[in-house]
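K.L.:
A structural model of the following input is requested.
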Amino acid sequence: MRTRALFGRLMVLTIGLSFSTMMSADDNLFTPMPDSKVDKQMLRHYSPYWIITNISGSQPKSEVVKGKLQRINYKLPPSYLPEHAVNNYAAQLEKHGAQVIYRCNNEQCGNANKLFKMVAPLNTTSKQKPSLLTAKLSSGVKELYVSVYASNWQNAMNVQLDVVEIIPEPLDLVAINTDYLGSDVKQIEYQDLKHKDKRGSSDHPMIQRLPGAYIRDYKQVGFEQTPVAVGDQLKIEQREGKITSIGYRLPRTYSEYEVDANYKAAFEKLGFELQASCSGNECGKKTQFIQKIKAVVDNGNDKSQKYRLYTLLRPEGNVHGLVYVVGYVGALWTEVRIIEETALVDSRVEIDLDGLINGIEQNGYVALDGLLFKYDSDEMLPEAVSVLETLTQYLKANPQGLFYVVGHTDDKGKQQYNTSLSERRAQAVVNALVNQHSIPKGQLTPRGMGEFSPVANNFHEEGQKQNRRVELVLRSDSK
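P.N.:
Numbering: from 1, shown residues only. So this is what the prediction gives:
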């Protein structure tokens, strides 16, 4: 009964499978078999296809044909056998005069895995009991190659149907725009993104940014040491002086080479001489190299790196320029670090005990010169230690005095932010005196004035420095 039922179904399959003699862009060569569903399909306008011509030993042999390729993978119930499915395609092809190139079933197909890899069906689950037919069909109008591969597994049977319509390679899909060919080269135009700069940052006056760049990272200190890679071996040495480190994000339309070449030209125009350089893997692992030179930009890969160190010799102090470029396919960054060699100014602590007493007695307040902070931070620099010690002597000698510790800023950045920063700096001074020098907490009250009480012109860098200060103010009340 099972055999008869299967035979009846195959009869329906045979009747249902017919051959379409005409083929448009939306038509298939064959109608689908009963109970079949399209599992996957693929269309290539022009492609090579390796049609199997023989099985030698266990290895399939093939030859390449080229044309429009249509691939369809059908899924059928497991009641269909691969061999009978292929027989139905073969019957239709032979009916229309097709030339059978190669045909095999089960063991005749050699190594099933090798055949599977050669056919590369779109559905990769079905591999058992393979059956294969390849054929060539001419209609008088067109020439076709057909490959039918069927195999099954426990839950289904799949048919991979590939049809190659032989056509000349279409080489008229694109055309030259002669207007473009005859026009001048147009440089890419970049939008000005300075509004995205980090608060309080700016270009170094000596060298400007590339168009379209904005400052993501910024650090400037009056005197510090910074590592640089020098010589052919990229040995790390320290350079010291006024340090300005600027991390730019650049449009990805720049190449690493273009960025490097532009800065090279700029430094050479200023009279700088190249001291060291590396490119890509010459610099070593990106993570290690960034750590060595303490770069402020770090987003990229090893191959994208470009590093150069320049030096300008001057009687008043040498200047070094470090440029480090790094990126990946979606982003590009560069750091420009300017090192202006100067002697350490060790006379910043101008407030001695006598000067502090005189300032308080004569004016009721004194500016705490030398009480310096890291840029855009409430963390005090090492130079502040001596100022705190002097303050401690005075406050312990005047335990009954009440004082405001008042923080001030320049007018760069937003007012609300400057007020907050000045308050945090004033609080940091109070905390240091109370926690580290045992000054009674009630003797000091922190306050922040932000940018609203300058003592110098904010239009100049020197004036801005004077305005970034902390003052000790004598109180006459006990509120």
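K.L.:
from here on, contacts and neighbour counts on C-alpha atoms
P.N.:
OK.
K.L.:
Tell me what Glu63 is bridged to.
P.N.:
Glu63 forms beta bridges with Ile51, as assigned by DSSP bridges.
K.L.:
Make sure Gly271 is indeed in a helix.
P.N.:
No - counting by DSSP: H, G, I helix; E, B strand; the rest coil, Gly271 is not found in a helix; it is coil.
K.L.:
all strands for the stretch 351-479 of the chain, in order.
P.N.:
Taking DSSP state E, counting those that start in this stretch as the criterion, the stretch 351-479 of the chain contains strands spanning 365-367, 403-408, 444-450, 470-474.
K.L.:
And those, which one averages the lowest pLDDT?
P.N.:
Within the strands of the stretch 351-479 of the chain, confidence is poorest for strand 365-367, with a mean of 86 (mean pLDDT).
K.L.:
how does the chain divide into domains?
P.N.:
According to automatic domain parsing, the chain comprises the domains 2-166, 194-340, 353-474.
K.L.:
Which positions in the longest helix seen in the chain come out as buried?
P.N.:
As assigned by DSSP state H, the longest helix anywhere in the chain is helix 415-437. Applying a neighbour-count criterion of 16 or more other CA atoms under 10 Å, one finds 418-431, 433-434 buried in helix 415-437.
K.L.:
Could I get the strands of the stretch 351-479 of the chain in TSV, plus columns for mean neighbour count and distance to Ala266?
P.N.:
Shown next, in TSV, are the strands of the stretch 351-479 of the chain (neighbours: other CA atoms under 10 Å; distance: least, CA to CA, whole Å):
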stretch	mean neighbour count	distance to Ala266
strand 365-367	20	41
strand 403-408	24	37
strand 444-450	21	38
strand 470-474	21	40
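K.L.:
where does Tyr214 fall, phi/psi-wise?
P.N.:
Dihedral pair for Tyr214: phi -140, psi 160, per degrees, to the nearest 10.
K.L.:
now swap in Pro78 and tell me
P.N.:
Main-chain torsions, Pro78, degrees, to the nearest 10: phi -70, psi -10.
K.L.:
number of nearby residues for it?
P.N.:
Per other CA atoms under 10 Å, the neighbour tally for Pro78 reads 15.
K.L.:
how about the closest residue to it other than its chain neighbours, what does it touch?
P.N.:
Nearest residue to Pro78 in three dimensions, chain neighbours excluded: Ala156, at 4.2 Å (CA to CA, 6 or more residues apart in numbering). For Ala156, the contacting residues are Lys75, Leu76, Pro77, Pro78, Ser79, Ser126, by CA atoms under 8 Å, 6 or more residues apart in numbering.
K.L.:
For Pro34, give me the pLDDT.
P.N.:
Looking at Pro34, its pLDDT stands at 92.
K.L.:
Sorry, wrong one. I was asking about Gln128.
P.N.:
Confidence at Gln128, expressed as pLDDT, is 88.
K.L.:
from the buried residues of helix 415-437, which is closest to Gln187?
P.N.:
Set against Gln187, the nearest of these by CA to CA is Asn418 (40.7 Å).
K.L.:
can you tell me which residues contact that closest one?
P.N.:
Counting by CA under 8 Å, 6+ apart, Asn418 has contacts Thr409, Asp410, Asp411, Lys412, Gly450, Glu451.
K.L.:
close enough to count as contact, the fourth one and Ser202?
P.N.:
Think Lys412. No - in this structure Lys412 lies outside contact range of Ser202 using CA atoms under 8 Å: 10.6 Å.
K.L.:
Make a markdown table out of the domains of the chain and add distance to Ile176.
P.N.:
What follows is the domains of the chain, written out as a markdown table (distance: least, CA to CA, whole Å):
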| stretch | distance to Ile176 |
| --- | --- |
| domain 2-166 | 21 |
| domain 194-340 | 24 |
| domain 353-474 | 52 |
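K.L.:
Tell me which of those lies nearest to Gly182.
P.N.:
Across the domains of the chain, the minimum distance to Gly182, taken as CA to CA, is reached by domain 194-340, at 23.5 Å.
K.L.:
Give me the mean pLDDT for that closest one.
P.N.:
On average, the pLDDT along domain 194-340 is 94.
K.L.:
pLDDT score for Ser386?
P.N.:
On pLDDT, Ser386 comes in at 84.
K.L.:
Hmm, Gly200 is touching Gly413, no?
P.N.:
Yes - using CA under 8 Å, Gly200 makes contact with Gly413 at a distance of 5.8 Å.
K.L.:
which residues does Val148 contact?
P.N.:
Listed by CA under 8 Å, 6+ apart, the contact partners of Val148 are Val86, Tyr89, Leu132, Leu133, Thr134, Val159, Gln160, Leu161, Asp162.
K.L.:
Go through the domains of the chain and name the closest to Asp172.
P.N.:
It is, among the domains of the chain and with distance given as CA to CA, domain 2-166, at 12.8 Å.
K.L.:
re earlier: let's have the strands of the stretch 351-479 of the chain in CSV, adding distance to Gly359.
P.N.:
Below are the strands of the stretch 351-479 of the chain laid out as CSV (distance: least, CA to CA, whole Å):
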stretch, distance to Gly359
strand 365-367, 5
strand 403-408, 13
strand 444-450, 18
strand 470-474, 10
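K.L.:
and Gly97, which of those strands is closest to it?
P.N.:
With CA to CA as the criterion, Gly97 lies closest to strand 444-450 of those, at 93.4 Å.
K.L.:
chain center to the closest one, what's the gap?
P.N.:
Here strand 444-450 is found 43 Å from its chain centre; the criterion is CA atoms, centre = their mean, to the nearest Å.
K.L.:
Please give me every residue in contact with the residue nearest to Tyr394 when sequence neighbours are not counted.
P.N.:
Closest residue to Tyr394 apart from its sequence neighbours, by CA to CA, 6+ apart: Leu353 at 6.7 Å. Remark: with contacts taken as CA under 8 Å, 6+ apart, Leu353 is in contact with Thr390, Leu391, Gln393, Tyr394.
K.L.:
contacting residues for the second one?
P.N.:
The reference is to Leu391. Leu353.
K.L.:
go with 7 Å
P.N.:
Residues near Leu391 by CA atoms under 7 Å, 6 or more residues apart in numbering: none.
K.L.:
Please report how far it lies from Asn358.
P.N.:
13 Å (CA to CA, to the nearest Å).
K.L.:
how far out from the middle of the chain is the longest helix of the chain?
P.N.:
38 Å.
K.L.:
do stretch 469-479 as well
P.N.:
Worked out by CA atoms, centre = their mean, stretch 469-479 lies 51 Å from the chain centre.
K.L.:
Stretch 385-397 now?
P.N.:
Counting by CA atoms, centre = their mean, stretch 385-397 is centred 50 Å from the centre of its parent chain.
K.L.:
So which bits of it are buried?
P.N.:
For stretch 385-397, the neighbour count (16+ other CA under 10 Å) marks Val385, Ser386, Val387, Leu388, Thr390, Leu391, Thr392, Tyr394, Leu395 as buried.
K.L.:
which among those residues gets closest to Glu461?
P.N.:
If you rank those by distance to Glu461 using CA to CA, Val387 comes first, at 23.3 Å.
K.L.:
Which secondary structure state does the closest residue to Arg308 other than its chain neighbours sit in?
P.N.:
Once flanking residues are discounted, Arg308 sits nearest to Ser277: 4.3 Å by CA to CA, 6+ apart. Here Ser277 is recorded as strand under three-state DSSP.
K.L.:
And for Ser277, the neighbour number?
P.N.:
Neighbour tally, Ser277, other CA under 10 Å: 21.
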